[in-house]
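Peer 1: Take a look and give me a structure for this.
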Amino acid sequence: MQVLHSQIFGEGTPFLILHGFLGMSDNWKTMGMQYAAQGFQLHLLDLRNHGHSFHSEDFSYEVMVQDVYAYMEYHGLESAIVLGHSMGGKVAMELAVTYSEKVKKLIVADIAPKYYPVHHQTILNGLASLDFSKIKTRGEADNQLANYISDAGIRMFLLKNLYWVAKGQLGLRLNLKVLTDKVGEVGESLAKFANYQGPTLFIKGERSEYVMREDEVLIKTHFPKVKIVAVSRAGHWLHAENPEEFFEKTISFIKD
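Peer 2: All right, here's what the predicted structure looks like:
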């Protein structure tokens, strides 16, 4: 059995964090340290085909939920607080409705249980354009990505996937081929009658269009014990754009 790679630190109640599409556990290191300081054992996971975790031709929410369940069993975690951002938020939702007993409290960051059309194509094209027989530095990779992605913050996030395969040879940690082929899976909705009765927080970016006012009825159908809050001055990357408010609102829900 292949077990997801993770970074584990802190002591106390287990707390899992699941990153978004094309992300990795490193994206949550700073925020994770803050939670750990409040008395939690943090598990920052790399989902399959991402970060340091294994590569696989299979990629769907169903298999990712089984990965997280297997991870919890492997580490002897009876239950945990589970926080997921974007794609990781969908994995967290699916985990909560499939294995409710495993999820003590659920936090979903800037994603709704609805279907989303494919919208990552430009980013995937940009990553596919990186020719590592010619690109020898992160700066050169950044310049190439800038032809596709104008936002420097998004480029910095994507460039975290670069690593030295060998001396002088850069590569990407993520499984770009499978993630490109299966990108449609990322937008899949939660099953119609899926339901989780535990305490739930949906936290969205005030400037984000991922979770709209009209989505709140659907959210409450699946998660009746939900609180929906917004982080001011933040878009989809709410935990990076306004980390203080994100932390304050999530820790207040966790400790409530």
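
Peer 1: Does residue 31 belong to a helix, a strand or coil?
Peer 2: Residue 31 falls in the helix class when you classify it by DSSP: H, G, I helix; E, B strand; the rest coil.

Peer 1: Name the nearest residue to it, ignoring sequence neighbours.
Peer 2: Across the structure, with CB to CB, 6 or more residues apart in numbering as the measure, the residue nearest residue 31 apart from its sequence neighbours is residue 239 (5.7 Å). To be clear about C-beta, it is placed using only N, CA and C from the backbone, and glycine gets the same treatment.

Peer 1: That neighbour - that's part of a helix, no?
Peer 2: Yes. The assignment for residue 239 (three-state DSSP) places it in a helix.

Peer 1: And it, what's its pLDDT?
Peer 2: Residue 239 is assigned a predicted lDDT (pLDDT) of 95.

Peer 1: how many neighbours does it have?
Peer 2: Counted with other CB atoms under 10 Å, residues neighbouring residue 239 total 24.

Peer 1: any idea which helix or strand carries residue 253?
Peer 2: Per DSSP states H and E, residue 253 falls inside helix 243-255.

Peer 1: swap that for residue 41, sorry
Peer 2: Residue 41 is part of strand 40-45 when elements are defined by DSSP H and E.

Peer 1: what does that strand rub up against?
Peer 2: Residues outside strand 40-45 that contact it (CB atoms under 8 Å, 6 or more residues apart in numbering): 4-19, 25-26, 28-29, 32-33, 35-36, 53, 68, 71, 75, 77, 80-81.

Peer 1: Just the buried residues of these.
Peer 2: For those, burial is judged from neighbour counts taken by 16 or more other CB atoms under 10 Å, and it is met by 4-7, 10, 13-19, 25-26, 28, 32, 35-36, 53, 68, 71, 75, 77, 80-81.

Peer 1: Just give me the neighbour total for residue 136.
Peer 2: Here the neighbour count serves as a burial measure; for residue 136 (other CB under 10 Å) it reads 12.

Peer 1: Check the one 4 residues further on too.
Peer 2: The number of residues packed near residue 140 is 15, by other CB under 10 Å.

Peer 1: which residue sits closest to the residue located most distally from the centre of the chain in space, ignoring its chain neighbours?
Peer 2: The centre of the chain is farthest from one residue, residue 134, which by CA atoms, centre = their mean lies 30.9 Å away. Ranked by CB to CB, 6+ apart and with sequence neighbours excluded, the top spatial neighbour of residue 134 is residue 140, at 7.9 Å.

Peer 1: Doesn't that neighbour belong to a helix?
Peer 2: Yes. The assignment for residue 140 by three-state DSSP puts it in a helix.

Peer 1: now it: how far from residue 3?
Peer 2: For residue 140, the distance to residue 3 (CB to CB, to the nearest Å) stands at 35 Å.

Peer 1: now do residue 111
Peer 2: Using CB to CB, one obtains 25 Å as the distance from residue 111 to residue 3.

Peer 1: Would you mind telling me which of these two has the busier surroundings?
Peer 2: Set residue 111 next to residue 3 and count neighbours by other CB under 10 Å: residue 111 wins out with 26 against 13.

Peer 1: Let me see the contact set for that one.
Peer 2: The contact partners of residue 111, taken as CB under 8 Å, 6+ apart, are 84, 85, 86, 87, 89, 90, 210, 211.

Peer 1: hmm, try it at 6 Å
Peer 2: Contacts for residue 111 were tallied using CB atoms under 6 Å, 6 or more residues apart in numbering; they are 86, 89, 90, 210.

Peer 1: Tell me which stretches of this structure form strands.
Peer 2: Counting by DSSP state E, the chain has strands at residues 6-9, 13-18, 40-45, 80-85, 103-109, 162-166, 169-172, 200-205, 226-231.
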